[in-house]
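Asks: Build the 3D model from these lines:
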Amino acid sequence: MRMLISFAALFLSVILLQLSSGALGPLDALSGLALDFTRQEIGLLGSAHFLGFFIGCWWAPRLMGSVGHSRAFAAFTAAGAIGLIAHMMIVDPIAWAVMRVASGMCVAGCYTVIEAWLQSKVTNATRGRTMGVYRLMDMGASLAAQLVIGVLEPASYVSYNLLAIVCCAALLPLTLTKVKQPETPSAPRLRPRLAIERSPLAAAGVVVAALSSASFRMVGPIYGQEVGLTAQQIAWFMAAFVLGGALAQYPVGWLADKFDRRWVLIWLSAAAMGSCAITALATDLDTTGIMLTAGLFGLTTFPIYSVAAAHAHDFADASERVELSAALMFYFALGAIAAPITASALIDAFGPPALFAMIAVGHAILIVFGLARMRARATPTKRTRYIYAPRTSFLIGRLTGRSRDNK
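Replies: Numbering: from 1, shown residues only. This next block holds a predicted model:
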């Protein structure tokens, strides 16, 4: 309990930040539709967000080294709030894309500060419980953020200002806490080749994970509107995806620790292809049926990143944990930048089912590649522990590294 109280300010900042940033993507998609943006322009907004995310991951450790944790957090939060407030002042897709770069930097930068702070305070005895609470807060707030869309009016000053207020409120717990700031962590080297050297399949897996989650989160509202859902129903549709992913973590983690993780990835991808087919072909279902298909899609696609990350760490030693996590995040960011704009263009050309056709093709390629890699080398005899790996910042490797090694 003392540990939770000491981290209360950090966890509250995570909740407020997720409520603000998690609601922005779907709100931008619905606002873009209301303002007659093209689907490619709406997809560009999602891609711009992940471009900012990558910049924030890279820049945040260096900024913390220059000005400290609290000031870096304030700077990134200010960038996100400015981007939110400016939305309805300049109604232009290119200007909005620039604002989404700022919001992506805000998310990555703030999470990097929080994760570095947590890492400096936890011990081996408290690491598992801290990560458990952190995951709970992050996923719970992400779920709530999707539901917020149901009460926010698209293309409204009030809606964006409310999100900006929540974003600014995230400043208060962390900047007012009396807990001493930690020493500035050294920035991990970004070595993309490390992931390829340790596990090409893991690198491919995180790209496919980005293809699935980034396109659905950023372009899913377009699909929802195309199949006749209201704004409130779209909120539940997006929430069902997050809930399905949350429910999958424990059973998939058990399977990934018990069986060859390459088979788990392959069967997850096969199940994802099935869920894509069901979702794409079930546009005439009632609202409940559509929600269930979204939950099934989250159930089969959400855990892929964590399984791929665990498989990569099986081939790494303890000294490589942080840099390997950074390399995997790099490939996730690349996939997430490309996915929304590609998905929106396909929807525009071929209709709503094209979103899930694109994702299914990505998973089919992962299955073929996974089978080929199984012929290339045997599974390692010593394996790390499966843990849920949030796609938050490069520094998540510092929080998860020792947890993987402690059986």
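Asks: Can you tell me the SS state at residue 76?
Replies: Secondary structure, DSSP: H, G, I helix; E, B strand; the rest coil: residue 76 is helix.
Asks: now the closest residue in space to it that isn't next to it in sequence: how far from residue 351?
Replies: Among residues not flanking residue 76 along the chain, residue 109 sits closest, at 3.2 Å (CB to CB, 6 or more residues apart in numbering). Heads up, the C-betas are built off the backbone N, CA and C, glycines and all. Per CB to CB, to the nearest Å, residue 109 is found 37 Å from residue 351.
Asks: more crowded one of those two?
Replies: The neighbour comparison of residue 109 against residue 351 (other CB atoms under 10 Å) goes to residue 109, with 29 against 14.
Asks: host element of that one?
Replies: Element membership for residue 109, per DSSP states H and E: helix 93-121.
Asks: Output the contacting helices and strands for that helix.
Replies: Applying 3 or more CB pairs under 8 Å, 6 or more residues apart in numbering; DSSP states H and E, we find helix 93-121 packed against helix 8-34, helix 39-67, helix 69-86, helix 171-176, helix 396-405.
Asks: what does the shortest one rub up against?
Replies: Outside of helix 171-176, the residues that reach it under the criterion CB atoms under 8 Å, 6 or more residues apart in numbering are 8-10, 12-13, 16, 70, 73-74, 77, 113-114, 117.
Asks: Can I get stretch 46-63 in PDB? Just the C-alpha atoms.
Replies: This file holds the C-alpha atoms of stretch 46-63, laid out as PDB (Å, rounded to 0.1, in the frame of the first residue of the first chain):
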ATOM      1  CA  GLY A  46      -3.200   8.900 -37.600                       C
ATOM      2  CA  SER A  47       0.100   8.500 -39.400                       C
ATOM      3  CA  ALA A  48       1.200  11.900 -38.200                       C
ATOM      4  CA  HIS A  49       0.400  10.900 -34.600                       C
ATOM      5  CA  PHE A  50       2.800   8.000 -34.800                       C
ATOM      6  CA  LEU A  51       5.500  10.100 -36.400                       C
ATOM      7  CA  GLY A  52       5.300  12.400 -33.400                       C
ATOM      8  CA  PHE A  53       5.300   9.400 -31.200                       C
ATOM      9  CA  PHE A  54       8.600   8.200 -32.700                       C
ATOM     10  CA  ILE A  55      10.100  11.700 -32.300                       C
ATOM     11  CA  GLY A  56       9.000  11.900 -28.700                       C
ATOM     12  CA  CYS A  57      10.500   8.500 -27.900                       C
ATOM     13  CA  TRP A  58      13.800   9.500 -29.300                       C
ATOM     14  CA  TRP A  59      13.900  13.000 -27.900                       C
ATOM     15  CA  ALA A  60      12.400  12.600 -24.400                       C
ATOM     16  CA  PRO A  61      15.400  11.000 -22.600                       C
ATOM     17  CA  ARG A  62      17.700  13.700 -24.000                       C
ATOM     18  CA  LEU A  63      15.300  16.500 -22.900                       C
END
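Asks: how far away is the residue nearest to residue 18 when sequence neighbours are not counted from residue 74?
Replies: Among residues not flanking residue 18 along the chain, residue 141 sits closest, at 3.6 Å (CB to CB, 6+ apart). To residue 74, residue 141 is 20 Å away according to CB to CB.
Asks: After the strand or helix carrying the residue nearest to residue 18, which helix or strand is next? Please name it.
Replies: For residue 141, the enclosing helix or strand under DSSP H and E is helix 127-148. Once the chain leaves helix 127-148, the next helix or strand it forms, by DSSP H and E, is helix 157-169.
Asks: Report the rounded mean pLDDT for that next one.
Replies: Summarised as a single mean, pLDDT over helix 157-169 is 94.
Asks: Give the buried residues for that helix.
Replies: For helix 157-169, the neighbour count (16 or more other CB atoms under 10 Å) marks 159, 160, 162, 163, 164, 166, 167, 168, 169 as buried.
Asks: how distant is it from the center of its chain?
Replies: Averaging C-alpha positions (CA atoms, centre = their mean, to the nearest Å) puts helix 157-169 21 Å from its chain's average.
Asks: same check, this time on stretch 80-87
Replies: Put simply, stretch 80-87 sits 21 Å off its chain's centre (CA atoms, centre = their mean).
Asks: Residues touching it, excluding its own?
Replies: By CB under 8 Å, 6+ apart, stretch 80-87 touches 20-21, 24, 28, 31, 95-96, 99-103, 105-107, 110, 160-161, 163-164, 167-168.
Asks: Please report how far the residue nearest to residue 18 lies from residue 373.
Replies: Taking CB to CB as the measure, residue 141 falls 36 Å from residue 373.
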